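**Q** what's the 3D shape of this:
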Amino acid sequence: MDFDLRWLLFALPATFAIGWLASKLDTRQWKREQRDAPKAYFKGLNLLLNEQQDKAIDAFIEAVQNDPDTSELHFALGNLFRRRGEYERAVRVHEHLLQRGDLPRSERERAQAALAQDFFKAGLFDRAETAYAALRGTPYENDAELALLSLFERSRDWRSAADVARRLELTGTASFATRIAHYLCELALEAQVRNQDDEAQQLLAEARSVAPQGARAHVLAGQLLARRLQPEQAMAAYAELLALNPEAFNLVALDYAEAAINARCTEAALQTLTAQYQRVPGMHLLHAIAKLEPETALQRQRLSRHLREQTGLSAARDLLQLSGAQLNEEEAPLVLTAIDRAARPLQRYRCAACGFEAQHYFWQCPGCLNWDTYPPRHVEEL
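**A** As a prediction, the model looks like this:
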């Protein structure tokens, strides 16, 4: 049967008309979707960009009411509540998401991670721990482990913190040897409080093997040996610290001198301290040398030499106290008090990460909670 070409005259215009109608329908559908989009959502975004969080929250609540099935609106609202410190409301939003049966797995895991953050920020560490543990085997597992590490540090659960740090090392996230050594040192201090010195020694030995360059385990080991009336072993622990981490030896210079006096090894200790001072001059070492060699004339010579090379109020105060500087009995205390007040802020330790200053040396900064961020020198010597 021959095909009638006249049908093409009707088919081509009909095909064109159908295509044109389809395009019009798509355009109308797109416009309708744009009109149906929640205006409150865009209003909330605009208010958020203008840093008007109160009004933005109201707008997002309105958007959620208009479109309760949109999970992104709930996440935006929950994050806003958390940023404002309204943790209870943030928890309700994210728990509502988890209760939805139609939520995809990826969104459910995201809601679980957000809920764990809510609990953590609210200080509900037990609930946060459970929420983070539920994220194992998900794409959020690594972040959850890091958060758990911070959580255990804040709650001072050092054994759990060490377990988490070891798991993170196995995943190749980073090296946590220094942190693990600190956790073991904290456990050793707890053992000493319980008068379990043998356990403390074992924990400190493990800490030294985990992080040989770490100063804290050597410091605590030497101090523990000194308290147990073993000054020779204490000197050996301090000498090992000097070999591995010379700068941190400043922290135990006086302890080293005290152990040397008790062990009757003052001459050898004096040589060690003098050699270290010649390499890295500092007031900690000068005070330790003065403990072993307390003659006033020798102290004045050392302080004068130190001041010629390094200007510092602490050395000036000590020299003035020894010499009197030809001041009478009324003037000398006044001058010493004035210099002491001026020098006191410079005799603090300063965190290299956040600048937090403290009179005592901290292994973990109380301000930023980072480890080993305090240089073992006073501010005036930095």
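**Q** From H306, how far out is A221?
**A** According to CB to CB, to the nearest Å, A221 stands 30 Å off from H306. All C-beta spots, glycine's among them, are computed from the backbone N, C-alpha and C.
**Q** Looking at the two, which one has more neighbours?
**A** With neighbours defined as other CB atoms under 10 Å, A221 and H306 compare such that A221 has more, 26 against 22.
**Q** For the helix or strand harbouring the more buried one, name the packing helices and strands.
**A** In this assignment (DSSP states H and E), A221 forms part of helix 215-227. Applying 3 or more CB pairs under 8 Å, 6 or more residues apart in numbering; DSSP states H and E, one finds that helix 215-227 contacts helix 177-193, helix 197-210, helix 231-244, helix 253-263.
**Q** ok, Y277 - contacts?
**A** Y277 makes contacts with 285-286, 289, as judged by CB atoms under 8 Å, 6 or more residues apart in numbering.
**Q** ditto for Q364
**A** If you count contacts by CB under 8 Å, 6+ apart, then Q364 has 153, 182, 370-371 around it.
**Q** would you list the residues you listed in CSV and tack on distance to E88 and pLDDT?
**A** Rendered in CSV, the data for these read as follows (distance: CB to CB, whole Å; pLDDT from 0 to 100):
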residue, distance to E88, pLDDT
E153, 25, 89
H182, 34, 92
N370, 30, 89
W371, 33, 89
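**Q** Return the set of buried residues in whichever strand or helix holds E107.
**A** Secondary structure assigned from DSSP H and E places E107 in helix 105-121. By neighbour count on 16 or more other CB atoms under 10 Å, the buried set for helix 105-121 is 107, 109-120.
**Q** And those residues, which is closest to F176?
**A** F120 (19.6 Å; CB to CB).
**Q** ok, for the closest one, nearest residue in space, not its chain neighbours?
**A** Using CB to CB, 6 or more residues apart in numbering and skipping residues adjacent in sequence, the residue nearest F120 is A128, 4.2 Å away.
**Q** is it true that that neighbour touches A113?
**A** No. Distance between A128 and A113: 11.2 Å, which falls outside the contact criterion (CB atoms under 8 Å).
**Q** ok, and for the following helix or strand past the helix holding E107, which residues are buried?
**A** Next in sequence after helix 105-121, counting helices and strands by DSSP H and E, comes helix 125-133. The neighbour-count check on helix 125-133 (16+ other CB under 10 Å) flags 125, 127-129, 131-132 as buried.
**Q** Any idea how far stretch 291-299 is from the middle of the chain?
**A** 42 Å (CA atoms, centre = their mean, to the nearest Å).
**Q** Other residues contacting it?
**A** With CB under 8 Å, 6+ apart as the criterion, stretch 291-299 contacts 254, 257-258, 260-261, 266, 269-270, 273, 290, 318, 322.
**Q** again, only using 6 Å
**A** 257, 266, 270, 290, 322 (CB atoms under 6 Å, 6 or more residues apart in numbering).
**Q** for stretch 279-286, same thing?
**A** Contacts of stretch 279-286 (CB under 6 Å, 6+ apart): 250, 253, 273, 276-277, 302, 314, 381.
**Q** Confidence-wise, which of those comes last?
**A** pLDDT across those is lowest for S314, at 70.
**Q** Report the residue spans of the chain with pLDDT below the cut-off.
**A** 1-71, 311-313, 316-317, 319-321, 323-336, 338-339, 342-343, 382 (pLDDT under 70).
**Q** Show me the domain layout of it.
**A** 40-139, 295-344, 348-382 (automatic domain parsing).
**Q** then the helix or strand containing S304 to CSV, C-alphas only?
**A** In the assignment (DSSP H and E), S304 maps to helix 296-309. What follows is helix 296-309, C-alpha atoms only, in CSV (Å, rounded to 0.1, in the frame of the first residue of the first chain):
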residue,chain,number,x,y,z
THR,A,296,75.8,36.4,97.2
ALA,A,297,78.8,37.6,95.3
LEU,A,298,78.5,34.9,92.7
GLN,A,299,74.8,35.5,92.3
ARG,A,300,75.4,39.2,91.7
GLN,A,301,78.0,38.4,89.1
ARG,A,302,75.7,36.1,87.3
LEU,A,303,72.8,38.6,87.4
SER,A,304,74.9,41.4,86.2
ARG,A,305,76.2,39.3,83.3
HIS,A,306,72.6,38.3,82.5
LEU,A,307,71.4,41.9,82.4
ARG,A,308,74.2,42.9,80.1
GLU,A,309,73.0,40.3,77.6
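**Q** Angles on the backbone of T373, please.
**A** Taking degrees, to the nearest 10, you get phi -100, psi 0 for the backbone angles of T373.
**Q** what's near enough to touch it?
**A** 351-353, 365.
**Q** Ranking by neighbours, what's the top pick from these?
**A** The member of the contacts of T373 that has the most neighbours, counting by other CB under 10 Å, is C365 with 21 neighbours.
**Q** That residue reaches R350, doesn't it?
**A** No. Counting by CB atoms under 6 Å, C365 does not reach R350; the two are 9.8 Å apart.
**Q** host element of L322?
**A** Counting by DSSP H and E, L322 is found in helix 313-323.
**Q** what does stretch 115-123 contact?
**A** Taking CB under 6 Å, 6+ apart as the rule, stretch 115-123 contacts 82, 87, 90-91, 94, 127-128, 131-132.
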